[in-house]
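A.B. asks: What would the 3D arrangement of this be:
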Amino acid sequence: MDIRARMRRRITTVVAVTLVPLSVAVGVGWAAATDNMFPTSVTGGTCWTGFRTGFPCQTDNSAVYFYMDSNGEYELEATDKSTVNNAIDGEYRPTALAFHYDSSPVFSGSGETDIIYQEGSTGLPDSVAGTTWCNAKGGDGLDCDQQYIRIRGNGYITYARSCHETGHAVGLQHGDNSSPRLLNSDSRLGCLVTPSDGHNDLGANNRENVNATY
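C.D. replies: Presented below is the predicted three-dimensional model:
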């Protein structure tokens, strides 16, 4: 769904709220403080593929299939898998997105697994705890067929950081890429704040943007 479509949904929501008494309408309407779902007026209309490049893409549909590496260099330990699952259960399953674990992941061709979680530091600067990148961009330049999330091990995979990087994998951005721009540390960005371990909850702003998109 593009910016215009999201805006149409937002306008419809606001109009519907104005038809009910003020005492009921308070807190019911569009709660988002900013549009931080790619693409915004700040980021433009195409996302990027490649490790640590460009802007986050949307995922390609509301049914999100994910896999956590279970062997090799980027294997997640059992406790880290539990942390990622808890963040998905607590923050993303209550939204319009439907997350499903893919025990037989697909890495090429059609029907690729949407999100691959990795534990490791290869390629990450010392100052970076985690990153998300698109491996296979969709044809419209807005979404991605397969995205990777890599977070350092040794205690770096936390609930908040899992929420943060998963947010990037569905298109949510930092405050400085939002419209209107917010400080990256603004608490209204929920778990999309930077540093990425600063807030556990997805928050109303991100939920509204996710639900309006998917």
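A.B. asks: mind listing the helices in the chain by residue range?
C.D. replies: For the chain, applying DSSP state H gives helices covering 3-18, 22-25, 78-87, 159-169, 203-213.
A.B. asks: How far does the last one sit from its chain's centre?
C.D. replies: Between the mean C-alpha location of helix 203-213 and the chain-wide mean there is a distance of 10 Å, by Cα atoms, centre = their mean, to the nearest Å.
A.B. asks: ok, and what's touching it?
C.D. replies: Identification of contacts with helix 203-213 by Cβ atoms under 8 Å, 6 or more residues apart in numbering yields 1, 6, 9-10, 30-37, 58, 92, 94-97, 167, 170-172, 188-192, 202. Just so you know, the C-beta spots here come from the backbone N, C-alpha and C atoms, and that holds for glycine as well.
A.B. asks: if we go to 7 Å?
C.D. replies: For helix 203-213, contacts defined as Cβ atoms under 7 Å, 6 or more residues apart in numbering pick out 1, 6, 9-10, 30-37, 58, 95-97, 167, 170-172, 188-192.
A.B. asks: Restricted to strands, list these.
C.D. replies: Using DSSP state E, the members of these that fall in strands are Q58.
A.B. asks: Among the contacts of helix 203-213, name the buried ones.
C.D. replies: Using 16 or more other Cβ atoms under 10 Å as the burial test, these include 6, 10, 32-37, 58, 95, 97, 167, 170-172, 188-192 as buried.
A.B. asks: Now do the contacts for the closest residue to A33 other than its chain neighbours.
C.D. replies: Distances taken as Cβ to Cβ, 6 or more residues apart in numbering put R188 closest to A33, at 4.2 Å, once the chain neighbours are dropped. By Cβ under 7 Å, 6+ apart, R188 lies in contact with 33, 182, 203, 205.
A.B. asks: Apply 8 Å and report the result again.
C.D. replies: Neighbour list for R188: 33-34, 182, 203-205 [criterion: Cβ under 8 Å, 6+ apart].
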